[in-house]
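[1] Structure for this input, please:
(3 chains)
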Amino acid sequence: MLGWIQNLGRSGISFFEQVGHAHMFMLQALRGIPYCLRNPYLLTAQVYSVGVLSMPIILISGLTVGMVLGLQMYNTLTDFGAEESLGPVVALSLVRELGPVLSALLFSGRAGSALTAEIGLMKATEQLAGMEMMAVDPIKRVIVPRLLAGIVSLPLLVAMFSAVGIIGSYLVGVGLLGVDAGAFWSQMTAKVDFHDDIFNGFVKSLVFGVVATWIAVFEGYDSVPTTAGVSRATTRTVVHTAFAVLGLDFVLTALMFGEV
Amino acid sequence: MEQPELQIQSGQSPAIEGNRAAGADVEDVLVKIRGLHFAHGARVILDSVDIDIHRGEVTTIMGPSGTGKTTLLRLIGGQFLPDAGTVEVDGQNVPTLSRSDLYELRKRMGMMFQTGALFTDLSVFENVAFPLREHTGLPENVIRDLVLIKLQAVGLRGAKSLMPAELSGGMSRRVALARAIALDPMMIMYDEPFTGQDPITVGVIMQLIRRINQYMGLTSIIVSHDVAEVSAISDRIYLIAEGKVIEQGSPAELLQSPSKWAQQFLQGKPDGPVPFHYPAIPFADELMASE
Amino acid sequence: MQNKRAIEIWVGVFIVAGAAALFMLAMKVSNIATYSDDGGYNVTAQFSNIGGLKVRSPVSMAGVRVGRVAKIGFDMQTYEAVVTMRIDQQYDNLPKDTSASILTSGILGENYIGLEAGAKGVFLQDGDEIRITQSALILENLIGQFLVNQAQQNRGGSK
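    Predicted structure coming up:
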């Protein structure tokens, strides 16, 4: 019984230790931003590997989610004779919630886990230690470009997801199910507010970008430098990001859309 | 841009066959370690160790696996902080250095890791060019020439466009060596350079270590437990076990060592002070008890 | 170096695509067009009950949107709601005796303010108040009224 409480206490303390560690790590990374801006190609290369290579999965998922959303919403809206509201319903769902959250989860699965694995392997093969011995700070050279790349990429990916999703639901709603095209767009512009919806959705995507990339990069840097350690770190990245994104989503939604 | 000293001391004549360098005196100690104490949790890894690394010599730290040989290299490079004691490199006490001073010092130290530790996303050429690009403002054509010179020294100039994944283990280590000497450092540390390599590669690396040390006037510190190879190229050997220096001296002196443990280690005898059998109750008793 | 160029091109494509998506969302999807406040003037009106009227609800005349609700306040003296409307600059010929009513678009739609022109020759200026107002219809009041009427009719009928 006592042992169980001891374990609980130990994991509680190690949780706080991890959180503190992660924040010290972030502070170190922030100090390295000037170096990264002086070597812009580092950032560009990372935006390619993190952002561009995530485009296929984001675009395809966005399209299919939009199409499914159009289909499902239509079914329910016809019960109320409100098919013409399909536009705003789909747009609001995507821009406010599904766009940021789903994109963040997909991003973490594709790009986040890749980042963790890459950095973890660099640690395991002593490349990071080698860099240190050559008087190059690995945080500045390896971590910061990846961090900035993720923060820049995710909002763009979310915008693409939402845009493509709306197009997908347009194709299904207007193309297949016969909703009036004019009503689709005009109702949408009437109901979707730039400040409340688009801007807030963008803010969410920015926050998620920071969190998802931060976790991915930290788990890689902090991983045990063995193959088993790296694979555990990769799993932790995806799981922790999922928790963080969904939790933050609730907090942000309450803050932004709480009192309309 | 740093211009570290190229030391070719007259008065020392480093012989190719690994004989003791003549006239090496105390002021010529490049790395002075006094009372170094390092513990990892409850385990004491280094217990008040004193070591002198002389300029221009090849010094080897030997000992069984896990004695903290690699830890020693990390302490010299400032990656770990000792619990007690001083580590002086070229007159500077490493643990007390500020971050920027430490980085300046590291530019004058080269390190060759056990696994090579090449950057997997850069070609051989780019790997060797890395320290030059990061720390010097030299124009591209000068860097190109320097990289080719270093690669020629290790015999891999023809492989400059290959990626690390395409290299054999021995080739990786040679590229790592070229990278370590890119900035013309004053000393190089080798972490287990011979471990797991085929005889030809071992021979190549042995020759490279000795040659580079002589022609570039470097100080080399090798961490290894390959007795034969190390005895052939070292000027001085330190034998470390259980956190203490058991023996030190030239390879010839070590073979004369009165310590039974040193004899067992150097000759590779299976039984001696380090017993063959893991401590257990007498065999007959255990067999009887299993009924 | 060829690789480097290709990477930079793709990153450029990525950033442009993302910006285009954001642009599309802002322009075609949302109501950002209505944010361009190219001048306008404020007019207030007091209502005893604004129902579901919200900030940015439309203000229409003859079905055409002429402005938006800018602010909703409360008058501590008269205990009535004070609605500030921002009328587009081009509609500067609203008579001073224009009336404002809170109407519902459709049967279950949202509330908006409908303006009916008066007859005076003097026009509303920035800061003026519309005197003639009609509050929102509250469903419960309607039902209550209906029941009372029914009861009266029954009493009248059974005499």
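[2] if I pick the residue in the stretch 151-291 of chain B positioned nearest to chain C, what's in contact with it?
    In the stretch 151-291 of chain B, the residue that lies nearest chain C is B:Met163 (12.1 Å; CB to the nearest CB). Every C-beta, even on glycine, is put in place using the N, C-alpha and C of the backbone. Taking CB atoms under 8 Å, 6 or more residues apart in numbering or on different chains, we find B:Met163 in contact with B:Thr120, B:Leu122, B:Ser123, B:Val124.
[3] switch to 6 Å and redo it
    Counting by CB atoms under 6 Å, 6 or more residues apart in numbering or on different chains, B:Met163 touches B:Ser123.
[4] any idea how far it is from B:Val175?
    Distance of B:Met163 to B:Val175, given as CB to CB, to the nearest Å: 11 Å.
[5] likewise A:Met55?
    To B:Val175, A:Met55 is 35 Å away according to CB to CB.
[6] Neighbour count for the two, which is higher?
    Higher neighbour count among A:Met55 and B:Val175: B:Val175, with 27 against 18, using other CB atoms under 10 Å in any protein chain shown.
[7] Identify each buried residue in whatever helix or strand the more buried one lives in, please.
    Per DSSP states H and E: B:Val175 is located in helix B:169-180. Residues of helix B:169-180 classed as buried: B:Gly170, B:Met171, B:Ser172, B:Arg173, B:Arg174, B:Val175, B:Ala176, B:Leu177, B:Ala178, B:Arg179, B:Ala180 (neighbour count, 16 or more other CB atoms under 10 Å in any protein chain shown).
[8] so the fifth one touches B:Arg157, yeah?
    Right, B:Arg174. No. Counting by CB atoms under 6 Å, B:Arg174 stays clear of B:Arg157, with 11.0 Å between them.
[9] List the contacts of B:Leu30.
    Contacts of B:Leu30 (CB under 6 Å, 6+ apart): B:Ile53, B:Arg55, B:Thr219.
[10] which among these end up buried?
    Looking at those with 16+ other CB under 10 Å, the buried ones turn out to be B:Ile53, B:Arg55, B:Thr219.
[11] Return the subset of these lying in strands.
    Members of the buried ones among the contacts of B:Leu30 lying in strands (criterion: DSSP state E): B:Ile53, B:Thr219.
[12] Throw the buried ones among the contacts of B:Leu30 into TSV and include pLDDT, thanks.
    Shown next, in TSV, are these (pLDDT from 0 to 100):
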residue	pLDDT
B:Ile53	88
B:Arg55	88
B:Thr219	90
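[13] sorry, back to before: quick check: angle from the next helix or strand after the helix holding B:Val175 to helix B:169-180?
    Note on helix B:169-180: by DSSP H and E, the next helix or strand toward the C-terminus is strand B:187-191. Relative orientation of strand B:187-191 versus helix B:169-180 (axes from the mean of the first three to the mean of the last three CA atoms, to 10 degrees): 150 degrees.
[14] near chain A at all, strand B:187-191?
    No. Counting by CB under 6 Å from any CB of the partner chain, chain A is not contacted by strand B:187-191; separation bottoms out at 8.4 Å.
[15] Give the pairing partners of that strand; include direction for each.
    Partners of strand B:187-191 in the sheet, by DSSP bridges, are strand B:109-112 (parallel), strand B:219-224 (parallel).
[16] Out of these, which one sits most buried?
    For the strands paired with strand B:187-191, average neighbour numbers computed from mean count of other CB atoms under 10 Å in any protein chain shown are highest in strand B:109-112, which has a mean of 27.
[17] residues in contact with it?
    By CB under 6 Å, 6+ apart, the surrounding residues in contact with strand B:109-112 are A:Met133, B:Ala176, B:Leu177, B:Ala180, B:Ile181, B:Pro185, B:Met187, B:Ile188, B:Met189, B:Tyr190.
[18] pLDDT weak spots in chain C?
    Counting by pLDDT under 70, chain C contains low-confidence ranges at C:1-2, C:29-38, C:106-109, C:157-159.
[19] try it again with 80
    C:1-4, C:28-39, C:54-56, C:105-110, C:137-139, C:156-159 (pLDDT under 80).
[20] And the stretch 1-150 of chain B, by the same measure?
    Applying pLDDT under 80 to the stretch 1-150 of chain B flags the ranges B:1-27, B:41-42, B:64-68.
[21] Which stretches in it count as strands?
    Secondary structure of the stretch 1-150 of chain B, counting by DSSP state E, counting those that start in this stretch: strands at B:29-40, B:43-54, B:58-62, B:84-89, B:92-93, B:109-112.
[22] For the shortest one, which strands pair with it and how are they oriented?
    Each strand paired with strand B:92-93, and its direction, by DSSP bridges: strand B:84-89 (antiparallel).
[23] Let me know the angle separating the partner strand from strand B:29-40.
    150 degrees.
[24] Pull the residues that contact strand B:84-89.
    Outside strand B:84-89, the residues that touch it by CB under 6 Å, 6+ apart are B:Val31, B:Lys32, B:Ile33, B:Arg34, B:Gly35, B:Leu36, B:His37, B:Leu75, B:Ile76, B:Asn93, B:Val94.
[25] With stretch A:129-136 instead?
    A:Pro138, B:Gly77, B:Tyr103, B:Arg106, B:Lys107, B:Met111, B:Phe113, B:Ala117, B:Pro131, B:Glu134.
[26] Specify the residue ranges that define each domain of chain C.
    Here the domain parsing of chain C from automatic domain parsing is C:2-30, C:39-139.
[27] Just send these back as CSV, with mean neighbour count too.
    What follows is the domains of chain C, written out as CSV (neighbours: other CB atoms under 10 Å in any protein chain shown):
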stretch, mean neighbour count
domain C:2-30, 16
domain C:39-139, 15
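[28] Which residue is the nearest non-sequential neighbour of residue 128?
    I'll assume chain A. Among residues not flanking A:Leu128 along the chain, A:Pro138 sits closest, at 4.4 Å (CB to CB, 6 or more residues apart in numbering or on different chains).
[29] was after chain C, sorry
    Spatial nearest neighbour of C:Asp128, chain neighbours left out: C:Val43 (5.6 Å); criterion: CB to CB, 6+ apart.
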